[in-house]
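In: would you be able to build a 3D model of this:
(one chain, ligands or ions: 1)
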Amino acid sequence: MPPPTTLKPPTLSPKKREKVALAPGHSSLDWASLKSSGADLRVSLFSCFWSLFLGGTTQLMRIPPSVLKLHNKKDDAWSAINGKVYNLTPYLPYHPGGERELMRVAGRDGTKLFALTHAWVNVDFMMDACLVGFLVSEPSS
Ligand code: HEM
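Out: Numbers count the residues shown, from 1 in each chain. The predicted model follows:
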């Protein structure tokens, strides 16, 4: 298992680490300002509407792998990284490595792939506004 964080330069070949062209308005600074705008990035638009309508608050959840794997679509993509489950959907158009790469970890534990590609990226900080809960083991029936 690679270390959770490192300053070591990437070991992947440059071909595998191609940057993609992000749409205008989707730089890392744009992501930072969206995060600090107060928008609720934890939920999809649909559940955001219902939580506003019902007056509910967003609570962090305990998420077993069987629930995580239901969230594997672009408009509802979750991934667990270092035990924390993030809603990837709002970040997809901002990811410098592209949507397709990020979707590889949708619905599953992305810790290993994340650490292999860029363990120097501070995921806790970058995705704090997208935290939906914590990965737990499957409840025994
Ligand atoms: C929530 C999870 C993720 C976050 C917050 C994230 C964030 C970032 C950031 C900030 C960069 C730019 C890094 C730099 O310039 O040094 C980047 C680049 C990249 N990411 Fe991710 N990433 C995530 C997940 C992934 C995953 C799971 C993969 C692979 C399957 C991946 C593949 C790449 C690639 C290939 C680049 C390439 C461009 C480069 O060389 O910087 N990322 N990502």
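In: can you tell me how far Tyr91 is from Cys130?
Out: Distance from Tyr91 to Cys130, counting by CB to CB, to the nearest Å: 6 Å. (Each C-beta comes from the backbone N, C-alpha and C, glycine too.)
In: hey, what's in contact with both of those two?
Out: The contact sets of Tyr91 and Cys130 overlap at Leu41 (CB atoms under 8 Å, 6 or more residues apart in numbering).
In: contacting residues around Asp124?
Out: By CB under 8 Å, 6+ apart, Asp124 lies in contact with 82, 84.
In: next one: phi and psi at it?
Out: Backbone torsions of Asp124, given as degrees, to the nearest 10, read phi -60, psi -40.
In: do Met103 as well
Out: With angles defined as degrees, to the nearest 10, Met103 sits at phi -70, psi -10.
In: in this protein, which spans are strands?
Out: 61-63, 72-73, 76-81, 84-87, 108-109, 131-135 (DSSP state E).
In: which of these sits closest to Ser27?
Out: Minimum separation from Ser27 across the strands of the chain (CB to CB) falls at strand 84-87, 19.8 Å.
In: can you list the strands that the closest one pairs with?
Out: Taking DSSP bridges as the criterion, strand 84-87 sits next to strand 76-81 (antiparallel), strand 131-135 (antiparallel) in its sheet.
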